[in-house]
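Engineer: Turn this into a structure:
(one chain, ligands or ions: 1)
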Amino acid sequence: MTVASVEFHQHHRDVTGGWLRPAVFGIMDGLVSNAALIAGVAGGGGSTRTIVLTGFAGLVAGACSMASGEYTSVASQTELTRAEIARERRELELHPDEERAELAAIYVARGLDETLARQVADQLSGDPRQVWRVHVREEMGVDPDDLPSPWVAAGSSFAAFSLGALVPMLPFLLGFGNLAAALAFTGVALFLAGAGVARMTEVPAWFGGLRQLGLAAAAAAVTYGIGHLIGANLA
Ligand SMILES: [Zn+2]
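Structural biologist: Numbering: from 1, shown residues only. Below you'll find the model as predicted:
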C-alpha cells in the first residue's frame, strides 16, 4: 500500500475546545446556579411567585453572563493567535532561509535524520504562499484554518446555560412547583450530565454523576442556609 492511498481519517473527538467545553460548563453551571438561587429565595421564605420570577431572571442573567464571558475569552485567545500568525508570516517574508532551517530543525527534533528533515523542509517551503500554514501548525500547534469561533462558544454556552437553568423551573411550569420537586429534577439532570461527561473521559460514569450531585447539593445547601438566615432577619 502506498502512502498516498492511505485515507486520512480524523476520528478523534474535538479535544481542542470548539463547542463541547462551553456547552458542558454551561449546562452544569445553569443547573447548579439556578437551583441554588431558588433554594436561597425559598430558604428565605419567598413565595412561589417570587421563586418563579427569580428563577427566570436568573436564567436570563446567567445565560447572558456566560455568553459574554465565553465570547471575550475565546475572542481574545483568537486575536492573540492571529497576531502571532501575522508575525510568523512577516518572519517568513523577511528571512525565508532561516525559517526553512528552523523547520528542518523541528523535524530533526521530531526524530527525522538531518538529510530527510532538510528534504521535507525544502519541499514544504516550495510554495511560499502556503508554507506559513506549516510553520503555524508546527510551531504554534494550531490549525490556522480552524481557529475557535467566539460566536460558536458564546452561542453554545448561552443555549446550554438556559437549558440547565430551565430544569429547576420545570416543576413550576408543570404546575406542581415547590423547592423539593425543583431540587429532585435538578439532581436527576445533574447526575445524568455528570455521568455523560464522565463517559467521554476515563472517569467511571457513576463517579462523575455522584461528584456532580455532591457539589451541587453543597451549593444549594449553602444558599438555602444563607437565604434562611437573611430571610429571618428581614422585616
Ligand atoms: Zn517559523
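
Engineer: Show me the shaky parts of this protein.
Structural biologist: 1-18, 21, 235 (pLDDT under 70).

Engineer: For the residue of it found nearest the ion, which non-adjacent residue is spatially closest?
Structural biologist: Closest residue of the chain to the ion, C-beta to the ion: residue 135 (3.8 Å). All C-beta atoms are positioned from the backbone trio N, CA, C, and that covers glycine. Leaving aside its sequence neighbours, residue 135 sits nearest to residue 88 (C-beta to C-beta, 6 or more residues apart in numbering; 5.3 Å).

Engineer: Would you tell me which helix is longest in this protein?
Structural biologist: Secondary structure of the chain per DSSP state H: the longest helix is helix 48-94.

Engineer: In terms of secondary structure, what does that helix contact?
Structural biologist: Judged by 3 or more C-beta pairs under 8 Å, 6 or more residues apart in numbering; DSSP states H and E, the packing partners of helix 48-94 are helix 20-43, helix 96-109, helix 131-135, helix 150-166, helix 170-173.

Engineer: Any chance of JSON lines for those helices, columns mean neighbour count and distance to residue 67?
Structural biologist: Shown next, in JSON lines, are these (neighbours: other C-beta atoms under 10 Å; distance: least, C-beta to C-beta, whole Å):
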{"stretch": "helix 20-43", "mean neighbour count": "24", "distance to residue 67": "9"}
{"stretch": "helix 96-109", "mean neighbour count": "16", "distance to residue 67": "38"}
{"stretch": "helix 131-135", "mean neighbour count": "19", "distance to residue 67": "31"}
{"stretch": "helix 150-166", "mean neighbour count": "22", "distance to residue 67": "4"}
{"stretch": "helix 170-173", "mean neighbour count": "16", "distance to residue 67": "22"}
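
Engineer: I'd like the ones you listed as a markdown table, with distance to residue 232 appended.
Structural biologist: Shown next, in a markdown table, are the helices and strands packed on helix 48-94 (distance: least, C-beta to C-beta, whole Å):
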| stretch | distance to residue 232 |
| --- | --- |
| helix 20-43 | 10 |
| helix 96-109 | 66 |
| helix 131-135 | 64 |
| helix 150-166 | 27 |
| helix 170-173 | 24 |
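
Engineer: What's the local residue count around residue 84?
Structural biologist: 14 (other C-beta atoms under 10 Å).

Engineer: got it, and the one 5 residues further on?
Structural biologist: Residue 89 sits with 16 neighbouring residues when counted by other C-beta under 10 Å.

Engineer: Which residues of this structure lie near the ion?
Structural biologist: 99, 102, 135 (C-beta under 5 Å from the ion).

Engineer: Return the member of those residues nearest to residue 48.
Structural biologist: Of all those, residue 135 has the smallest distance to residue 48: 61.4 Å, by C-beta to C-beta.

Engineer: List the contacts of that closest one.
Structural biologist: Neighbouring residues of residue 135 by C-beta atoms under 8 Å, 6 or more residues apart in numbering: 88, 92, 99, 102-103.

Engineer: 7 Å instead, please
Structural biologist: Going by C-beta atoms under 7 Å, 6 or more residues apart in numbering, residue 135 touches 88, 92, 99, 103.

Engineer: and which of those is nearest to residue 70?
Structural biologist: residue 88 (26.8 Å).

Engineer: what's the burial count for the closest one?
Structural biologist: Neighbours of residue 88 under the rule other C-beta under 10 Å: 18.

Engineer: May I ask you to confirm that it is in contact with residue 133?
Structural biologist: No. Using C-beta atoms under 7 Å, residue 88 is not in contact with residue 133; the gap is 9.9 Å.

Engineer: just to revisit the earlier point, can you tell which of the helices and strands packed on helix 48-94 is closest to residue 203?
Structural biologist: Among the helices and strands packed on helix 48-94, helix 20-43 comes nearest to residue 203, with 13.2 Å by C-beta to C-beta.
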